[in-house]
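> 3D model of this:
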Amino acid sequence: MSSSTLYTKENEVLSQLIREMRNAAGLTQAACAEALGKPQSYVSKIEGGTQRIDLIQLKEYCAICSVSLTTFVKRFESKL
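The predicted structure follows:
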């Protein structure tokens with residue numbers, strides 16, 4: 001994934017869905033970051049679309065939000 005993928009429709013959709021998932025779980029960025037063992041800026045950058053996230057990190061994010069990775073990917077694909 002090159003830096004140019006940060007500025008694609010796909011990355012915009014991914015960032016939006018991650019943010020929506022966290023909000024639906026009732027988590028603040030700070031609470032989500034604490035559960036991930038990361039600084040709040042990490043969550044902010046992912047949700048802002050400036051930080052890439054790999055599959056393992058996405059799976060952890062989903063688990064914290066009580067959403068299966070499969071469900072998340074289906075949502076992602078339906079938004080594209």
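
> For the longest helix along the chain, which residues meet the burial criterion?
Looking only at the chain and at elements set by DSSP state H, the helix with the highest residue count is helix 9-24. For helix 9-24, the neighbour count (16 or more other Cβ atoms under 10 Å) marks Asn11, Val13, Leu14, Ser15, Leu17, Ile18, Arg19, Met21, Arg22 as buried. (C-beta placed from N, C-alpha, C; glycine too.)

> which of those sit farthest apart?
Greatest spacing in the buried residues of helix 9-24, by Cβ to Cβ: Asn11 and Arg22 (16.7 Å).

> Any idea which residue is closest to the centre of the protein?
The residue lying closest to the centre of the chain (Cα atoms, centre = their mean) is Ile18, at 3.4 Å.

> related to what we said a few turns ago, show me what the longest helix of the chain is packed against.
Other elements packing on helix 9-24 under the criterion 3 or more Cβ pairs under 8 Å, 6 or more residues apart in numbering; DSSP states H and E are helix 40-48, helix 55-64, helix 69-79.

> what helices or strands is the last one leaning on?
Read it as helix 69-79. So helix 69-79, by 3+ Cβ pairs under 8 Å, 6+ apart, packs with helix 9-24, helix 55-64.
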